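Participant: Here is my input, please return the structure:
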Amino acid sequence: MIVVVIALAVLGLFVVLDSEGFPDLGQDTEAERMVFVSESFGQIGSTGTDFRTLDLGGFSVGEGRGDVTAFEREEPVSVSQGILSENELVFNYNATQPRDGAVTFEVLGRKGGGELYVDVNGQRVFERDLVSEGTPEITVPQQRLNPGTNVFVVGTTRGSLLGSSEYRLEEVRGTVNDRRFSDVEKSFTLYGYELRDFQDADLSFEVARSERGAPLQISVNDNQVYSKRQLAVPQETVNLTPVNADLVPGANTIRFDTRRPSVYTLRDAEITLRYLGNVEQGSARTQFGLAPSETDYANREDTAETISFDYQNLLPSPTPVTVELNNYTTSLTPENGRNTVEIPEGEIKEENTLEFRSRGTFQLQAVDMESVKEDG
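Facilitator: Numbers count the residues shown, from 1 in each chain. A predicted model of the protein is given here:
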């Protein structure tokens with residue numbers, strides 16, 4: 001009897017102690033954080049030298065006969081004609097002793113059934129139905145050109161009585177073979193990424209004819225980059241940089257000139273621009289599954305889900321990165337170091353695909369996708 005009473009007393013003591021706050025050793029502690037992905041991908045994309053060639057054509061500089069640029073426009077331009085409206089491209093050239101001429105352009109696109117025409121001094125020298133990507137070379141005969149002012153008109157017919165037509169053109173150029181003293185100025189366009197990732201640029205040309213009374217001079221954006229009494233040579237090369245030529249994004253000008261009585265005939269003039277570029281677009285992709293308990297945790301209202309990663313750009317200029325998780329897509333321009341993307345509620349599933357895409361080249365390390373319980 002005494003033994004039973006003691007045993008009951010001890011049992012009662014344990015019950016009382018437990019009710020007063022001793023922990024239940026079998027009770028689970030709720031997780032404050034769950035990590036669903038932890039992976040490193042290394043280098044994404046590949047880097048190499050890219051280039052673009054800008055064609056300046058052939059021309060004569062100085063006193064003498066040669067093909068003189070009467071008009072030049074690289075940017076797109078539209079010519080059109082409707083019932084109540086007409087839009088033509090008109091340019092003038094003041095000739096000394098003209099022989100023949102030429103008009104060239106590229107057709108970017110067209111609407112309607114009209115034909116594109118070229119008039120010179122009120123006389124039609126060309127009229128034809130042209131297709132996209134067409135590059136006609138239209139000859140202007142000598143009998144259509146006069147000493148003094150010559151008026152060139154590029155336009156389109158309507159195609160039908162009640163119709164309308166439009167042609168979109170680019171790289172429109174008009175030249176006249178003439179005798180005169182000519183300095184030649186041309187324009188070329190550079191893009192921002194080409195200068196941000198600039199490596200080098202060369203102007204090259206053939207000197208087909210040289211009468212060397214004075215030097216041939218070349219200036220880019222009013223900065224002289226070349227001055228030489230040059231013999232006829234198959235190729236001459238001039239290095240251009242953002243410093244010596246003051247190259248800028250957008251429009252740049254290059255000028256070729258000399259003094260009487262010198263004449264230089266140049267052929268195949270072109271600028272080759274080289275810049276560091278992404279050679280191959282890269283991506284990093286991983287697929288992963290989650291248990292129902294993990295998706296339930298991630299989709300709770302008191303948890304926040306993020307994708308964080310270490311990023312190191314391998315190109316001189318920043319490049320946007322697209323992050324895609326299942327049906328959710330976002331883009332950002334990461335900073336070198338740690339970056340974080342917030343995931344909207346409900347985007348994490350039991351079966352998931354996470355992908356990074358970019359036209360850049362970069363290191364992608366320590367990619368973590370996690371869900372963290374928020375305070376409060």
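
Participant: The worst-scoring helix or strand of the chain on mean pLDDT: what's the following helix or strand?
Facilitator: Least confident helix or strand of the chain, by mean pLDDT, DSSP states H and E, is helix 2-19 with a mean of 38. Once the chain leaves helix 2-19, the next helix or strand it forms, by DSSP states H and E, is strand 33-39.

Participant: Pull out the buried positions in that next one.
Facilitator: For strand 33-39, burial by neighbour count (16 or more other CB atoms under 10 Å) applies to 34, 36-37. All C-beta atoms are positioned from the backbone trio N, CA, C, and that covers glycine.

Participant: and what of stretch 54-67?
Facilitator: Across stretch 54-67, burial judged by 16+ other CB under 10 Å covers 54, 56-57, 59-67.

Participant: who's in contact with the nearest residue to residue 89 once chain neighbours are set aside?
Facilitator: Excluding its sequence neighbours, the residue lying closest to residue 89 (CB to CB, 6 or more residues apart in numbering) is residue 154, at 4.2 Å. Residues in contact with residue 154 (CB atoms under 8 Å, 6 or more residues apart in numbering) are 79, 88-90, 103, 105, 116-118, 169, 172.

Participant: what pLDDT does residue 24 get?
Facilitator: As summarised for this prediction, residue 24 has a pLDDT of 42.

Participant: Next: the one 3 residues further on.
Facilitator: The pLDDT attached to residue 27 in the predicted structure is 44.

Participant: show me where pLDDT drops low in the stretch 251-376 of the chain?
Facilitator: Filtered on pLDDT under 70, the stretch 251-376 of the chain yields the residue ranges 277-280, 376.

Participant: could you list every residue that touches residue 58?
Facilitator: Counting by CB under 8 Å, 6+ apart, residue 58 touches 67, 208, 265-269.

Participant: Pull out the buried members of these.
Facilitator: With neighbours counted by 16+ other CB under 10 Å, the contacts of residue 58 contain buried members at 67, 265-266, 269.

Participant: Now, those residues that are in strands?
Facilitator: Using DSSP state E, the subset of the buried ones among the contacts of residue 58 located in strands is 67, 265-266, 269.

Participant: how many neighbours does residue 191 have?
Facilitator: Residues lying near residue 191 (other CB atoms under 10 Å) number 12.

Participant: What of residue 150?
Facilitator: Number of residues near residue 150 (other CB under 10 Å) recorded here: 22.

Participant: Please report how far it lies from residue 90.
Facilitator: Distance, residue 150 to residue 90, using CB to CB, to the nearest Å: 11 Å.

Participant: Show me what residue 218 is bridged to.
Facilitator: residue 226, residue 256 (DSSP bridges).

Participant: where along the stretch 1-150 of the chain do the strands fall?
Facilitator: Along the stretch 1-150 of the chain, counting by DSSP state E, counting those that start in this stretch, strands occupy 33-39, 42-44, 46-73, 77-81, 86-87, 89-95, 101-111, 116-120, 123-128, 137-140, 148-156.

Participant: can you redo those as JSON lines with mean pLDDT and distance to residue 361?
Facilitator: JSON lines is the format used below for the strands of the stretch 1-150 of the chain (pLDDT from 0 to 100; distance: least, CB to CB, whole Å):
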{"stretch": "strand 33-39", "mean pLDDT": "92", "distance to residue 361": "19"}
{"stretch": "strand 42-44", "mean pLDDT": "91", "distance to residue 361": "7"}
{"stretch": "strand 46-73", "mean pLDDT": "86", "distance to residue 361": "4"}
{"stretch": "strand 77-81", "mean pLDDT": "95", "distance to residue 361": "37"}
{"stretch": "strand 86-87", "mean pLDDT": "92", "distance to residue 361": "45"}
{"stretch": "strand 89-95", "mean pLDDT": "95", "distance to residue 361": "42"}
{"stretch": "strand 101-111", "mean pLDDT": "94", "distance to residue 361": "32"}
{"stretch": "strand 116-120", "mean pLDDT": "97", "distance to residue 361": "44"}
{"stretch": "strand 123-128", "mean pLDDT": "95", "distance to residue 361": "47"}
{"stretch": "strand 137-140", "mean pLDDT": "94", "distance to residue 361": "41"}
{"stretch": "strand 148-156", "mean pLDDT": "96", "distance to residue 361": "44"}
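
Participant: could you dump those to CSV with distance to residue 246?
Facilitator: Listed next are the strands of the stretch 1-150 of the chain as CSV, based on distance: least, CB to CB, whole Å:
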stretch, distance to residue 246
strand 33-39, 47
strand 42-44, 35
strand 46-73, 16
strand 77-81, 27
strand 86-87, 35
strand 89-95, 28
strand 101-111, 29
strand 116-120, 36
strand 123-128, 39
strand 137-140, 34
strand 148-156, 32
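
Participant: give me the element residue 329 is part of.
Facilitator: Taking DSSP H and E as the definition, one finds residue 329 inside strand 328-332.

Participant: Which residues are in contact with the residue nearest to residue 265 when sequence neighbours are not counted?
Facilitator: Closest residue to residue 265 apart from its sequence neighbours, by CB to CB, 6+ apart: residue 209 at 3.7 Å. Residues in contact with residue 209 (CB under 8 Å, 6+ apart) are 60, 232, 263-265.

Participant: rewinding a little: beta-bridge partners for the residue nearest to residue 89, please?
Facilitator: In this entry, residue 154 is beta-bridged to residue 89, residue 118, by DSSP bridges.

Participant: any idea how far it is from residue 118?
Facilitator: Distance from residue 154 to residue 118, counting by CB to CB: 5 Å.

Participant: what sits in contact with each of those two?
Facilitator: In contact with both residue 154 and residue 118: residue 103, using CB under 8 Å, 6+ apart.

Participant: quick one: which two of the contacts of residue 209 are the most distant?
Facilitator: Greatest spacing in those, by CB to CB: 60 and 232 (12.9 Å).
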